[in-house]
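Visitor: this one's structure only:
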DNA sequence: TACCAATGTGTGAACGTGCACACAGTAGGA
DNA sequence: TCCTACTGTGTGCACGTTCACACATTGGTA
């Protein structure tokens, strides 16, 4: 595994020599400062001629800044493919970082091997900060960031999140309460839930909100737990729910993908939606409009979540001291056909 | 915008001092070499005590290698959200790079501003190579990579691709021909196509394959062009196709998302599928199984595309000289209910 | 004349790392 | 005894950049 060095590239020295000046002057042309018109012209000519590009690694070493921010997706396999929010969050973060002339680099964490490598990468000076999405309780990455005091922001927050790290999220409990209440106000009495991802704040809070909204109507037997927010979990979860109680007339699915799966299972079982059973989801993802019937759901401002998280990191990078805690973005309910 | 430097971090000097040895010995502990047992023990103790982490930026500068490979997604907005393949390709690439202990960093290019910044990033020494997905004809990024002679691989290849850059793809024309032929062999006569992304090789080749398969049956009037591979384009495209000829009995959609949209438009128009109209898609994405009816489609080995592209980059990084050209992965046809 | 400010340029040091080299001590064989 | 091989350690340099400083020239003012 002997790896040949890449071919030599032009440096500030080379263009200084070509333009007949010193490297200091070249640096001033690149970064601003007093430079005479003729020197500037000669240097710019030399730069375009040899096709010089500055070496970011050297700059990062000297400046202790890379102008890059990591976007860490702590996602198991299926989620990354089925969760439509992650893409929107990324695009929102990228847009905000782009405006501040920062490069977003996104890192996928799938395995333990990935975790260790990403931790090394984050601590190695290649990035100035990090946006962390969908962290689970006690994820090692959180520890690394906290130990390093790397400027960071979370999208959603795990229960044991270090209080010094700011976050942006939505009011999962409140939103779940609101949509469950509306479902209930339609006159439905036997309302179940397909709960998912109970190792994350989002999963736990949605379940809590559901329980609060039902009050005395709540029946723990009508809560089916599935591991992930995906379609397949929805199909299985709904089958299980029907088996536990064939009289359910309402279902709160912890995500749109789960709701779509539930619709499939209900079709299988010959139940009509919303006639026999009302179904509501969560996310307002592309799933919501392509289902039959279209889903009533909680709109999640994914793009805004991304850009807000980016802002939180950028503000820390500018030396601002953020008061601890986070902010919650509003989540309007979208009422469609499924309930 | 005065930005404070991050707090000082421990360096090799610090742990050398703490362990009572020289920096060279510390370096040998980290990278292998002759070190006595007691020196090693003292150094390792010092490392864990002060929580030392090596500075990758300095290492990258010295070694001219970063152990990182860029994954460049040249995707307009809608595609990144609607194309399920991009996620699988990413995961495949990440897995392969992970095994070789390389960090995958993915960069999103949405705007002209992004293009310029990503070009700078790629040329700045932060990555050793690049995987480029879904490049369009004459994309500036291609030029940058080619000028820099950055080890790279493409997933799919634009028509004017520099021959020295290897690629991995699928036989779009052959696959389109195959599935169109099977659709035709069911006895259908008025077969249309919803063609998309005609500024890319994939879009062009799928259209060509369709034309070849139909031969004399081909009617240019039954080809509707839409800009993207997404659901919305499918709905609009199918409406347009029905307007042009209400007698169509078969449709080849350039992607599963488009096919799903077409199903929606057909439902709107009161046509049954596959009774009145047979529909086939392309990608075998999650769309295919969640449609009603489920889609007959071309399976695209997204994960393998990602890992193959990663291998191509890794081989160049190991100094291997690749013969020009690319490789095409097989694409089995999956026959389901929609045709 | 002497002094200061403004403009323009060159030089040395440092960021943190890895590697080549020099050097020291020990052991074994001719 | 001398030469060589092996193990172990310290030092100087280079990677490419930016910044602080020194220095030079000009023109205006006390």
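Guide: The structure has been received and is ready for your questions. Keep in mind it's a predicted model, so treat the numbers as computed, not measured.

Visitor: Could you pull up the residues touching residue A:302?
Guide: A:84-85, A:88-89, A:92 (CB atoms under 8 Å, 6 or more residues apart in numbering or on different chains). For every residue, glycine as well, the C-beta is placed using N, CA and C.

Visitor: next one: residue A:227
Guide: So residue A:227 contacts A:196-197, A:233 (CB under 8 Å, 6+ apart).

Visitor: quick one: least confident of these?
Guide: Within the contacts of residue A:227, residue A:197 has the lowest pLDDT, namely 88.

Visitor: quick one, what contacts the closest residue to it other than its chain neighbours?
Guide: Distances taken as CB to CB, 6 or more residues apart in numbering or on different chains put residue A:203 closest to residue A:197, at 3.5 Å, once the chain neighbours are dropped. Contacts for residue A:203 (CB under 8 Å, 6+ apart) come out as A:195-197, A:254.

Visitor: My reading is that residue A:203 lies in a strand. Confirm?
Guide: No: read with DSSP: H, G, I helix; E, B strand; the rest coil, residue A:203 is helix and lies in no strand.

Visitor: ok, now how distant is the spatially closest residue to residue A:155 that is not a sequence neighbour from residue A:167?
Guide: Nearest residue to residue A:155, sequence neighbours excluded (CB to CB, 6+ apart): residue A:133, at 4.6 Å. Going from residue A:133 to residue A:167 by CB to CB, to the nearest Å gives 11 Å.

Visitor: Show me the common contact partners of the two, please.
Guide: A:154-156.

Visitor: and of those residues, the nearest to DNA strand C?
Guide: Of all those, residue A:154 has the smallest distance to DNA strand C: 27.4 Å, by CB to the nearest atom of the strand.

Visitor: Does whichever helix or strand residue A:119 is part of reach DNA strand C?
Guide: Residue A:119 belongs to helix A:112-123 when assigned by DSSP states H and E. No: Helix A:112-123 lies out of reach of DNA strand C by CB under 7 Å from any atom of the strand, never closer than 10.3 Å.

Visitor: tell me what that helix is packed against?
Guide: strand A:68-74, strand A:103-109, helix A:140-148, helix B:84-99, strand B:103-109 (3 or more CB pairs under 8 Å, 6 or more residues apart in numbering or on different chains; DSSP states H and E).

Visitor: close to chain A, is the longest one?
Guide: Yes: judged by CB under 8 Å from any CB of the partner chain, helix B:84-99 and chain A are in contact via B:84, B:87-88, B:90-91, B:94-95, B:98.

Visitor: I'd like to know which of the contacts of residue A:302 is nearest to DNA strand D.
Guide: Nearest to DNA strand D among the contacts of residue A:302, with distances taken as CB to the nearest atom of the strand, is residue A:92, at 29.9 Å.

Visitor: pretty sure that closest one contacts residue A:307?
Guide: Yes: with contact defined as CB atoms under 8 Å, residue A:92 counts as touching residue A:307 (4.3 Å).

Visitor: Residue A:74 and residue A:138 touch, don't they?
Guide: No: with contact defined as CB under 8 Å, residue A:74 does not count as touching residue A:138 (11.7 Å).

Visitor: DNA strand C contacts on the stretch 1-150 of chain A?
Guide: Going by CB under 7 Å from any atom of the strand, the residues of the stretch 1-150 of chain A near DNA strand C are A:20-25, A:28, A:33-36, A:38-39, A:58, A:61-62, A:64.

Visitor: rerun at 10 Å
Guide: Applying CB under 10 Å from any atom of the strand, we find that the stretch 1-150 of chain A lies next to DNA strand C at A:12, A:16, A:19-29, A:33-40, A:42-43, A:57-64, A:124-125.

Visitor: Show the buried residues in the residues you listed.
Guide: Those of these that meet the buried threshold are A:12, A:16, A:19, A:21, A:25-26, A:28-29, A:35, A:39, A:42-43, A:57-61, A:64, A:124-125, by 16 or more other CB atoms under 10 Å in any protein chain shown.

Visitor: From residue A:147, how far out is the residue most central in space within chain A?
Guide: Centroid-nearest residue in chain A: residue A:133, 3.8 Å away (criterion: CA atoms, centre = their mean). Using CB to CB, one gets 20 Å for the distance from residue A:133 to residue A:147.

Visitor: Kindly report the same for residue A:185.
Guide: 49 Å.

Visitor: These two: who's more crowded?
Guide: residue A:147 (13 against 8; other CB atoms under 10 Å in any protein chain shown).

Visitor: you'd agree the more buried one is up against residue B:52?
Guide: No: here residue A:147 does not reach residue B:52: they are 11.6 Å apart, not a contact under CB under 8 Å.

Visitor: Give me the phi and psi for the residue nearest to residue A:299 when sequence neighbours are not counted.
Guide: Among residues not flanking residue A:299 along the chain, residue A:284 sits closest, at 3.9 Å (CB to CB, 6+ apart). Dihedral angles of residue A:284 (phi, psi; degrees, to the nearest 10) stand at phi 50, psi 50.

Visitor: Same check on residue A:254?
Guide: phi -70, psi -10.

Visitor: Let me see the contact set for it.
Guide: A:193-197, A:203, A:206-207, A:229, A:282.

Visitor: Which ones among these map onto helices?
Guide: A:203, A:206-207 (DSSP state H).

Visitor: need those in TSV with distance to residue A:173 and pLDDT, can you?
Guide: Below are the ones in helices among the contacts of residue A:254 laid out as TSV (distance: CB to CB, whole Å; pLDDT from 0 to 100):
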residue	distance to residue A:173	pLDDT
A:203	11	91
A:206	7	96
A:207	9	97
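
Visitor: Residue A:153 belongs to a helix, doesn't it?
Guide: No: assessed with three-state DSSP, residue A:153 is strand; it does not lie in a helix.

Visitor: Give me the pLDDT for it.
Guide: On the pLDDT scale, residue A:153 gets 94.

Visitor: isn't it right up against residue A:164?
Guide: No: using CB under 8 Å, residue A:153 is not in contact with residue A:164, being 11.5 Å away.

Visitor: which of the two has more neighbours?
Guide: Higher neighbour count among residue A:153 and residue A:164: residue A:153, with 27 against 10, using other CB under 10 Å.

Visitor: can you pull up the bridge partners for the more buried one?
Guide: residue A:131 (DSSP bridges).

Visitor: If we only consider the residues of helix B:84-99 next to chain A, which is nearest to residue B:189?
Guide: residue B:84 (32.2 Å; CB to CB).
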